[in-house]
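1. Here is a sequence with its predicted model. Questions after.
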Amino acid sequence: MDSLSPELLNTLINDYLVPWSIRIVTAILVYYIGRIIARWIVRLTRHMLERAGIDPMLNKFLCNVLNGLLIAVVAIAALDQLGVDTTSLLAVLGAAGLAVGLALKDSLGNFAAGVMLVIFRPFRIGDFVEAGGVAGVVEDIGIFSTTFRTGDNRIIIVPNGQIYGGTILNASARDTRRIDLVIGIGYDDDIKKAKRILEDILETDDRILEDPAPAISLGELADSSVNLNVRPWVKSSDYWPVRSDLLERIKNAFDAEGISIPYPQRDVHLYQEKAA
């Protein structure tokens with residue numbers, strides 16, 4: 001092979017080698033410096049989110065998303081230094097993102113709901129919650145789903161979109177709860193005596209709070225009973241044990257004192273007609 005002429009060699013160096021060397025070095029510097037700036041921005045964002053009290057899981061996820069976006073911007077800027085048509089690349093990425101978004105719309109909806117749950121905190125881990133058609137203790141709040149533990153120790157995983165899009169009942173949101181009981185007595189029974197028995201039962205249970213004070217009142221004159229509303233206040237953790245104990249003690253006390261607890265019944269009267 002003949003050696004290159006000085007003119008051709010000079011053209012290759014000036015028109016290709018030097019410009020491309022400068023472009024490659026510039027692209028490397030842009031990418032390297034951009035990575036440093038991206039890490040600094042992510043670190044600053046993480047610190048600001050921690051000071052704002054954002055949930056650590058959400059903080060980590062948002063920082064990872066921000067880091068990915070910044071790296072993508074840096075990579076596009078570096079490719080632009082190499083002369084790559086980034087406009088077409090952005091168009092392709094946009095179309096791909098739209099297609100992925102449409103395919104994962106349910107997952108993205110669950111993700112958005114998970115972010116809202118973490119930010120607004122309608123419940124926390126350990127709370128007893130009724131949401132998404134499930135009642136149980138919250139075991140974990142994820143970005144896409146929430147894990148519940150039911151009373152019979154089953155684990156149920158519910159999509160966050162189903163939870164945030166419906167009614168949320170948090171039984172553990174307050175330290176105290178009111179027990180609402182409706183106790184029926186017969187129309188022939190002494191109302192004052194029944195109320196006195198109920199008051200004695202409430203006063204002898206140390207788990208029932210004095211403030212707010214328990215209330216006993218006549219609630220309704222029903223079809224087959226006189227209904228009394230019994231409403232004591234207890235700690236949220238004592239709700240179910242106290243409720244169960246009260247029902248048992250009320251039944252035993254009424255039986256001992258001759259107070260009846262009516263139940264729905266129907267009287268059937270038969271008439272015999274004389275033959276014509």
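-> That came through fine. Numbering: from 1, shown residues only.
2. Where does pLDDT dip in this protein?
-> Scanning the chain for pLDDT under 70 picks out the ranges 1-18, 55, 57-58, 86, 88-90, 92-93, 96-105, 265-267, 274-276.
3. residue boundaries of the helices in it?
-> 6-12, 18-51, 56-81, 86-103, 105-120, 160-164, 191-203, 239-257 (DSSP state H).
4. Can I get those in JSON lines including distance to D152?
-> The way it works is simple: take the backbone N, C-alpha and C, and place the C-beta from them, glycine included. Formatted as JSON lines, those follow (distance: least, C-beta to C-beta, whole Å):
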{"stretch": "helix 6-12", "distance to D152": "79"}
{"stretch": "helix 18-51", "distance to D152": "38"}
{"stretch": "helix 56-81", "distance to D152": "28"}
{"stretch": "helix 86-103", "distance to D152": "37"}
{"stretch": "helix 105-120", "distance to D152": "25"}
{"stretch": "helix 160-164", "distance to D152": "21"}
{"stretch": "helix 191-203", "distance to D152": "30"}
{"stretch": "helix 239-257", "distance to D152": "14"}
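5. How about the contacts made by the spatially closest residue to E130 that is not a sequence neighbour?
-> Spatial nearest neighbour of E130, excluding adjacent residues (C-beta to C-beta, 6 or more residues apart in numbering): L169 at 4.0 Å. Contact analysis of L169 by C-beta atoms under 8 Å, 6 or more residues apart in numbering lists 129-131.
6. Please repeat the previous calculation with a cut-off of 10 Å.
-> Residues near L169 by C-beta atoms under 10 Å, 6 or more residues apart in numbering: 122-123, 128-131, 135.
7. How about G136?
-> Here G136 is in contact with 127-130, 147-156, 158 (C-beta under 10 Å, 6+ apart).
8. Now the buried members of those.
-> Neighbour counting with 16 or more other C-beta atoms under 10 Å marks 127-129, 147-148, 156, 158 as buried within these.
9. nearest to V74, of the residues you listed?
-> T147 (37.0 Å; C-beta to C-beta).
10. coming back round to it: can you tell which of the helices of the chain is closest to S225?
-> helix 191-203 (11.1 Å).
11. For that closest one, enumerate the helices and strands it packs against.
-> With contacts taken as 3 or more C-beta pairs under 10 Å, 6 or more residues apart in numbering; DSSP states H and E, helix 191-203 sits against strand 181-185, strand 215-221, strand 226-231, helix 239-257.
12. Looking at those, spot the one closest to E199.
-> Using C-beta to C-beta, these put strand 215-221 closest to E199, at 6.3 Å.
13. partners of that closest one, with directions?
-> Strand 215-221 pairs in its sheet with strand 226-231 (antiparallel), by DSSP bridges.
14. Name the surrounding residues that touch the strand it pairs with.
-> 178-189, 191, 194-195, 198-199, 201-202, 212-221, 246-247, 250, 262.
15. Now do stretch 199-218: everything it contacts.
-> 176, 178-179, 181, 183, 191, 194-198, 226-235, 237-239, 241-242, 245-246, 249-250, 252-254.
16. list the buried ones in that stretch?
-> Buried residues in stretch 199-218, counted by 16+ other C-beta under 10 Å: 201-202, 208, 214, 216.
17. how about those residues in JSON lines, adding distance to Y271?
-> Formatted as JSON lines, the buried residues of stretch 199-218 follow (distance: C-beta to C-beta, whole Å):
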{"residue": "I201", "distance to Y271": "46"}
{"residue": "L202", "distance to Y271": "48"}
{"residue": "I208", "distance to Y271": "52"}
{"residue": "P214", "distance to Y271": "49"}
{"residue": "I216", "distance to Y271": "44"}
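18. quick one, what contacts I22?
-> I22 sits next to Q81 when contact means C-beta under 10 Å, 6+ apart.
19. how close does it get to G34?
-> Distance of I22 to G34, given as C-beta to C-beta, to the nearest Å: 18 Å.
20. Could you find the closest non-adjacent residue to Y263?
-> S224 (7.5 Å).
21. Where does the record place the domain boundaries for the chain?
-> Following automatic domain parsing, the chain resolves into domains at 6-103, 123-170, 176-257.
22. of all the ones you listed, which lies closest to M116?
-> Closest among the domains of the chain, using C-beta to C-beta: domain 123-170, at 5.6 Å.
23. hmm, which two among the contacts of L169 are most spread apart?
-> Pairwise over those, using C-beta to C-beta, the maximum falls at P122 and A135, 14.9 Å.
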